[in-house]
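Peer 1: Predicted coordinates and the sequence they were generated for:
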Amino acid sequence: MSAITCNSYTDIHLDSIQEEPCYNTPPLTSRSVGGNTPRKGKRIGNYLVGKTIGSGTSSKVKIGTNIITGKKVAIKITKPKRIKERKEIEREITILKLLKHDNIIQLYDAIYDDERGRICLILELVSGGELFDYIVARGRLSEREARKFFRQILCGLIYCHSNMICHRDLKLENLLVDDDGNIKISDFGYSNIIKPGNLMSTFCGSPVYAPPEILLERKYVGNEVDIWSLGIILFAMVTGQLPWSLTDGVQVEGLDRLLKGEFKYPSSVLLSNEVKDLINKMIIANPSDRAKLSEIKAHPWVNKGYELEPDEEYLRKQAEKTPPTTSPSVTPDIPISPRPISTSTNSNQQTSISPQFTRIIDSLENQDKNKPLYSSSPNLPSPQKANSPHSAFKPNFSTSNLEDKRSIQPLSITSPNSPVSSSPLTSTSTTPPLSPITSPSRSGASSPTPTTPTSFKTSLFHGLFKKKHSSSSVSSSLNGGSSSSMAGESESGYIIQPSPRSLTPVQLNVATPVSPSIEAISQKRRFSLEDLVKAIRNKGFSKNKDKLRSIKGPFTSLTTTSMPPIEVVKQIEDILNAQQITYQQNGFLFECKHVGNSETVIFEIEICRVNGMDMYGVKFKRLCGNVWDYSVIIKKTVDSLQL
Ligand SMILES: Nc1ncnc2c1ncn2[C@@H]1O[C@H](COP(=O)(O)OP(=O)(O)OP(=O)(O)O)[C@@H](O)[C@H]1O
C-alpha cells in the first residue's frame with residue numbers, strides 16, 4: 001500500500017478505552033515495519049493484507065497477517081462516505097472494545113487510514129465461515145446441533161444484554177463459526193446501549209430478522225428486538241427455512257402475518273414440541289410478550305441433555321480455564337466492581353450502572369449529536385492478549401429477569417479470585433422454566449393461524465434481501481477463495497448486490513410441497529430494510545397514531561412516568577382486561593368501550609411523551625357515555641396503574 005498514513009487510534013475519546021492497558025502496535029506508515037524485514041504486498045498498519053473472506057453492505061473483510069507475530073486476523077475495511085456510516089463503524093468499535101466474551105468476536109485494533117478515508121477493524125479471525133453457510137451446506141440442523149449453537153448464541157447475548165448492549169442485527173450471517181464449531185457473534189454496527197427509560201427509534205437490522213415494532217417504525221426498548229431475531233434464527237436452524245416470504249421489491253408477501261407474528265412450521269420437518277414452544281415464545285408480535293432471556297435460558301429445550309443453563313456452563317468452563325490464584329498476577333483491564341450509581345427507572349426497578357458505563361452511554365449519545373468521536377487514543381488489547389484470563393465473562397446472571405432488573409456489572413473484568421469468578425456456579429436463577437405453550441395466538445405447538453405451508457427452495461435469506469457476498473468460509477478463501485466487491489446502491493437507492501448464494505423462505509400462500517432444500521438464486525435483487533419499511537408505510541400498516549405523540553398535559557404525578565411506554569402499554573392492557581373493558585389498540589392509543597348496566601361509555605387512553613421532558617404521560621378522553629360511569633372507570637384505572 002503506498003503512502004498509507006495509518007493513524008492507528010488517532011482519536012477515540014471514550015474514557016473507558018484509556019483505562020485499558022495499551023498493547024497496541026505503534027502507528028505505522030507502509031514503510032515502517034517495526035524492525036523486521038518488510039514483506040512485500042499490501043499492508044494496513046502492521047498487517048499484511050491477504051484474500052477477501054467476506055463483504056457486507058459497507059465493508060470488505062480480508063485476511064491479515066501480523067508481520068511481527070505472524071498471527072492471522074480478519075481486517076474489516078470500511079470506507080464510510082456518509083456521517084451515518086462513519087458513526088456506525090465508530091459505534092461498532094466503541095462497543096466491541098467493551099465486550100470480552102468467547103462467543104463474541106474480539107476486536108484487537110482499529111486503524112484509521114485518513115489518507116484513503118478508511119477505517120480498518122482488526123478482528124479475531126473466525127475460520128469456519130457464517131452459520132448461514134453452515135446451514136445451507138446441511139439443509140437444516142438437527143435439534144441437538146441447533147441447541148449447541150443456540151446455547152452459545154444465548155451466552156453471548158446474555159452477556160451483551162446484561163451489560164446493557166443490544167445487538168439489533170442478529171442474523172445467521174452475523175454468527176460466525178470457528179474451527180472448533182463455536183459461535184462468535186459479529187457485526188456490532190447496529191448495536192446500541194440500552195439506557196433505562198429511554199426508547200430507541202432507529203430502524204435497523206435486516207428485513208428478515210426485524211420485528212414488527214421496527215418495521216412499523218415504533219419506538220422500542222432494544223432487548224426484545226434481539227429476542228425476535230433469536231426466534232427467527234432458531235426457526236431457521238431447525239427448519240432450514242424462514243417463517244415468512246418477503247419477496248422482491250415492495251410485493252411483501254406474508255407481511256400481514258409477519259406483523260402479527262403468525263407463522264407456520266413446515267410440515268415436512270419433524271420438530272419437537274419443546275423447540276416449537278420456545279420459538280413460539282420468541283416470535284411474538286407484542287414486544288413485551290416475548291420471552292425474556294432469563295426464561296429462554298431456563299427453557300427445557302435449551303437445557304435438554306445439559307447439566308447447567310448456558311451461562312452457568314460458560315462460567316464453569318471459564319473457571320476451569322483460569323487456574324485459581326490467591327492474588328491476581330495481572331492488573332485487570334477494567335477496574336473490578338466499579339462503584340455503582342443508581343439510575344431509577346421506576347419505583348420497582350433499580351438499575352446500577354457504573355460511572356464508567358455512564359460515560360460510555362454519554363459518549364454514544366454524543367455521537368448521536370454529531371460531536372466529534374475521536375479525541376484520544378484508545379487502547380485495545382493486542383491479538384496476543386486475546387486469551388487473557390481477564391477476558392472472562394462476568395455479567396451478573398443471578399438475576400431472575402435480566403431485562404427487568406437490569407442489574408449489571410458492566411465491563412467488570414474480574415480477577416481470578418474475585419467474588420464473581422471464584423464462585424461461578426452460584427447462579428441462583430429463580431425463574432421457573434417456561435410453561436407449556438401459553439401463547440393464545442398459537443394452537444398447540446404449531447402455527448397460530450392456519451396458513452398454507454410453503455416450500456423453502458431458494459433464497460431463504462439471500463436473494464430476497466441485502467445479503468453479503470462472502471466466500472463460504474475463511475478456509476476456502478485461504479485456499480484461493482474468490483474476492484468480492486462491496487455492495488453498491490442503485491439509483492433508486494435500493495441495495496443491489498448479485499448474490500451467488502441464496503436460500504428460500506417459506507412460501508406462504510403457495511400450495512407447493514415443503515422442501516427444506518436450498519437452491520441458489522443468483523442475480524436476484526435484494527431489498528433493504530428501508531424498502532420494506534417504505535412498503536409497509538405504503539400499505540397503510542403504519543399509522544401516525546402508532547407513534548408516540550408529544551403533548552403538554554394535563555398530567556398528574558399518578559399519570560406520569562419514566563417507564564418505557566411499551567411497559568405502560570402492557571399495564572394498561574392488563575388493567576382493561578381485568579375490568580372487562582373491550583378495547584382496540586393502535587400503537588399507544590387504546591379505544592375503549594365499557595358496557596355498563598345503564599349506559600355504554602366509550603373513551604380513549606393514550607400514552608404520550610410529556611412535552612420537553614424525558615417522561616411519559618397517560619391521557620384519558622371521554623368520547624361518549626355517562627360522565628359518572630366514566631370517572632369511576634378512570635379512577636379505577638389510574639389507581640391500578642403503577643407508574
Ligand atoms: N472476524 C471475522 N472472521 C472471518 N470472517 C469475517 C469476520 N468478520 C466478518 N467476516 C465475514 O465478512 C462478512 C461481512 O462482515 P460484517 O457483517 O461485519 O460486514 P458489514 O458490512 O457490517 O455487514 P452488513 O451488510 O450486515 O452491514 C461476514 O458476514 C463474514 O462472512
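Peer 2: Perfect, I can see it now. Numbering: from 1, shown residues only.
Peer 1: May I ask you to confirm that V638 is in contact with F555?
Peer 2: No: counting by C-beta atoms under 8 Å, V638 does not reach F555; the two are 10.9 Å apart. Backbone N, C-alpha and C define where each C-beta goes, glycine included.
Peer 1: Tell me which of these two has more neighbours.
Peer 2: F555 (19 against 15; other C-beta atoms under 10 Å).
Peer 1: got a pLDDT number for the more buried one?
Peer 2: At F555, the predicted lDDT confidence score is 78.
Peer 1: Confirm that it sits in a strand.
Peer 2: No: counting by DSSP: H, G, I helix; E, B strand; the rest coil, F555 falls outside a strand, being coil.
Peer 1: re the thing from before, can you work out which residues contact both of V638 and F555?
Peer 2: Listed as contacting both V638 and F555 by C-beta atoms under 8 Å, 6 or more residues apart in numbering are V618.
Peer 1: what packs against the helix or strand hosting L315?
Peer 2: Element membership for L315, per DSSP states H and E: helix 310-321. Applying 3 or more C-beta pairs under 8 Å, 6 or more residues apart in numbering; DSSP states H and E, one finds that helix 310-321 makes contact with helix 143-162, helix 419-422.
Peer 1: Report the angle between that helix and helix 143-162.
Peer 2: Taking axes from the mean of the first three to the mean of the last three C-alpha atoms, to 10 degrees, one finds helix 310-321 and helix 143-162 inclined to each other by 90 degrees.
Peer 1: where are the low-confidence patches of this protein?
Peer 2: By pLDDT under 70, the weakly predicted segments of the chain are 1-40, 196-205, 245-254, 323-547.
Peer 1: again, 50 this time
Peer 2: Of all residues in the chain, those with pLDDT under 50 make up the ranges 1-38, 248-251, 327-353, 368-527, 542-545.
Peer 1: Would you mark the buried spots in the helix holding L315?
Peer 2: Using 16 or more other C-beta atoms under 10 Å as the burial criterion, the residues of helix 310-321 that qualify are 310-315, 317-319.
Peer 1: and what of stretch 607-617?
Peer 2: The neighbour-count criterion (16+ other C-beta under 10 Å) identifies 607-610, 615-617 as the buried residues of stretch 607-617.
Peer 1: Restricted to helices, list those residues.
Peer 2: When helices are assigned by DSSP state H, not one member of the buried residues of stretch 607-617 lies inside them.
Peer 1: okay, these in JSON lines with distance to the ligand next?
Peer 2: Below are the buried residues of stretch 607-617 laid out as JSON lines (distance: C-beta to the nearest ligand atom, whole Å):
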{"residue": "I607", "distance to the ligand": "33"}
{"residue": "C608", "distance to the ligand": "35"}
{"residue": "R609", "distance to the ligand": "31"}
{"residue": "V610", "distance to the ligand": "36"}
{"residue": "M615", "distance to the ligand": "35"}
{"residue": "Y616", "distance to the ligand": "32"}
{"residue": "G617", "distance to the ligand": "37"}
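Peer 1: next SSE after the host helix or strand of C120?
Peer 2: Under the criterion DSSP H and E, the helix or strand holding C120 is strand 118-124. Taking DSSP H and E as the definition, the helix or strand that follows strand 118-124 towards the C-terminus is helix 131-138.
Peer 1: Say whether the ligand is contacted by that following helix.
Peer 2: No: in this structure, helix 131-138 remains apart from the ligand according to C-beta under 6 Å from any ligand atom; the gap is never smaller than 7.8 Å.
Peer 1: who does that helix touch, helix- and strand-wise?
Peer 2: strand 175-177, helix 223-239.
Peer 1: which outside residues touch the strand holding C120?
Peer 2: For strand 118-124, the surrounding residues in contact (C-beta under 8 Å, 6+ apart) are 44-45, 47, 61, 64, 73-80, 86, 89-90, 92-93, 96, 105-113, 184, 186, 383, 386.
Peer 1: Just the ones in helices from those, please.
Peer 2: When the contacts of strand 118-124 are checked against helices using DSSP H, the ones located there are 86, 89-90, 92-93, 96.
Peer 1: interface residues of the stretch 51-200 of the chain facing the ligand?
Peer 2: Of all the residues in the stretch 51-200 of the chain, those in contact range of the ligand (C-beta under 6 Å from any ligand atom) are 53-59, 61, 74, 76, 105, 123-126, 130, 173-174, 176, 186-187, 189.
Peer 1: Quick check: buried residues in stretch 77-97?
Peer 2: With the criterion 16+ other C-beta under 10 Å, stretch 77-97 contains buried residues 77-80, 85-97.
Peer 1: what's the first-to-last distance across stretch 52-68?
Peer 2: Distances were taken as C-alpha to C-alpha, to the nearest Å; on that basis the terminal residues of stretch 52-68 are 21 Å apart.
Peer 1: same deal with stretch 579-595?
Peer 2: The first-to-last residue distance of stretch 579-595 comes to 11 Å (C-alpha to C-alpha).
Peer 1: What lies in contact with that stretch?
Peer 2: The list of residues contacting stretch 579-595 from outside it, by C-beta under 8 Å, 6+ apart, reads 216, 218, 543, 545-549, 565, 569, 572-573, 576, 600-608, 625, 629, 633, 636-637.
Peer 1: Buried ones among these?
Peer 2: Neighbour counting over the contacts of stretch 579-595 (16+ other C-beta under 10 Å) leaves 216, 218, 546-548, 565, 569, 572-573, 576, 601, 603, 605-608, 625, 629, 633, 637 as the buried ones.
Peer 1: quick one: contacts for the residue lying closest to G64 once chain neighbours are set aside?
Peer 2: Here the nearest residue to G64 in space, its sequence neighbours aside, is Y47; by C-beta to C-beta, 6 or more residues apart in numbering that works out to 3.6 Å. Contacts for Y47 were tallied using C-beta under 8 Å, 6+ apart; they are 64-67, 73, 75, 122.
Peer 1: what's the answer for E92, then?
Peer 2: 121, 187-189, 191.
Peer 1: From L123, how far off is it?
Peer 2: In this structure, E92 and L123 are separated by 10 Å, where distance is defined by C-beta to C-beta, to the nearest Å.
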